[in-house]
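> Structure here, sequence nowhere to be found:
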């Protein structure tokens, strides 16, 4: 809104400057006579035509972007300070990952301005850690965003987090204390209620210094080992 007002003021200022210039160059009376004899309805018609043109272009743009809307956004690093315009295709190279092509999908406005919210770089887990989210390549139509995190850092987490405004659940690769895979799930509630009991039975003897509570729902999530006696 501020930009529109500032542009309107600038336009008025330019118009006044042009009028003053003509007044200085020519006779003021002649300029006034010309303005009075001008058919102002033509100016109104011109404004209506311009407004109609912009309305048609806006409608066509909405139809075009809707055809290319996707349910998820795929990229591998944060895109802060990136100037994203409606419908642009993203191809960003992060200096820390030279040569890696970061895939972007064509998104309609205003989703294109919310990429950091729709597909964040990392995920906060109950232990307090932030775990990097791995996104599949843009060419992988069946790929899922996922995180690899130690099982103990997710105790008490009943609802699986979702990305893209709740449309895409995060795939969890739950790891042992040695960061070896224990389970893969996109339904944490079902995991705690079922397979966790078998994982606990197999792992608590192998990793006795790490917590393996009978009730994972109320256990304290942690990335640390048990204190020594």
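Perfect, I can see it now. From a predicted model like this one, the values you see are computed outputs, not experimental measurements.
> Have a look at this structure and report the helix or strand with the lowest mean pLDDT.
Across the helices and strands of the chain, mean confidence by mean pLDDT, DSSP states H and E is lowest for strand 102-103: a mean of 34.
> Downstream of it, the next helix or strand is which one?
helix 115-118 (DSSP states H and E).
> which stretches of the protein form helices?
For the chain, the helices defined by DSSP state H occupy 2-25, 28-37, 40-67, 115-118, 188-193, 195-203.
> so what secondary structure elements neighbour the last one?
Taking 3 or more CB pairs under 8 Å, 6 or more residues apart in numbering; DSSP states H and E as contact, the helices and strands that helix 195-203 lies on are strand 181-185. For every residue, glycine as well, the C-beta is placed using N, CA and C.
> picking that back up, now the helices of the chain as CSV including mean neighbour count, mean pLDDT and distance to residue 143?
Output for those, formatted as CSV (neighbours: other CB atoms under 10 Å; pLDDT from 0 to 100; distance: least, CB to CB, whole Å):
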stretch, mean neighbour count, mean pLDDT, distance to residue 143
helix 2-25, 10, 70, 39
helix 28-37, 11, 68, 65
helix 40-67, 10, 79, 22
helix 115-118, 16, 75, 16
helix 188-193, 17, 94, 20
helix 195-203, 15, 94, 23
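> I'd like those helices laid out as TSV, including distance to residue 225.
Listed next are the helices of the chain as TSV, based on distance: least, CB to CB, whole Å:
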stretch	distance to residue 225
helix 2-25	55
helix 28-37	85
helix 40-67	51
helix 115-118	34
helix 188-193	21
helix 195-203	13
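> number of nearby residues for residue 176?
Each residue near residue 176 was counted by other CB atoms under 10 Å, and the total is 18.
> Give me the pLDDT for it.
For residue 176, the pLDDT comes out at 94.
> Equivalent analysis for residue 194, please.
The model's pLDDT for residue 194 equals 92.
> cool, residue 213 as well?
pLDDT at residue 213 comes out at 93.
> pretty sure it is touching residue 156, no?
No - assessed by CB atoms under 8 Å, residue 213 is found out of contact with residue 156, at 10.1 Å.
> Overlap in contacts, these two.
Common neighbours of residue 213 and residue 156 are listed as residue 219 (criterion: CB atoms under 8 Å, 6 or more residues apart in numbering).
> which ones are touching residue 15?
Applying CB under 8 Å, 6+ apart, no residues contact residue 15.
> and what of residue 125?
Taking CB under 8 Å, 6+ apart as the contact definition, residue 125 lies against 131, 147, 149, 153-154, 157, 221.
> on that earlier part again, just so I know, which of the helices of the chain lies nearest residue 176?
helix 195-203 (6.3 Å; CB to CB).
> Can you list the neighbours in contact with the closest one?
Under the contact criterion CB under 8 Å, 6+ apart, helix 195-203 has outside partners 151, 176, 182-183, 185, 212-214, 216.
> and what of stretch 168-183?
Against stretch 168-183 from outside (CB under 8 Å, 6+ apart): 71-72, 123, 133, 144-152, 154, 160-163, 184-188, 191, 195, 199, 203, 206-207, 209-210, 225.
> quick one on the thing from earlier: just the closest of the contacts of helix 195-203 to residue 117, please.
residue 185 (24.5 Å).
> Distance of the closest one relative to residue 46?
Using CB to CB, to the nearest Å, one gets 63 Å for the distance from residue 185 to residue 46.
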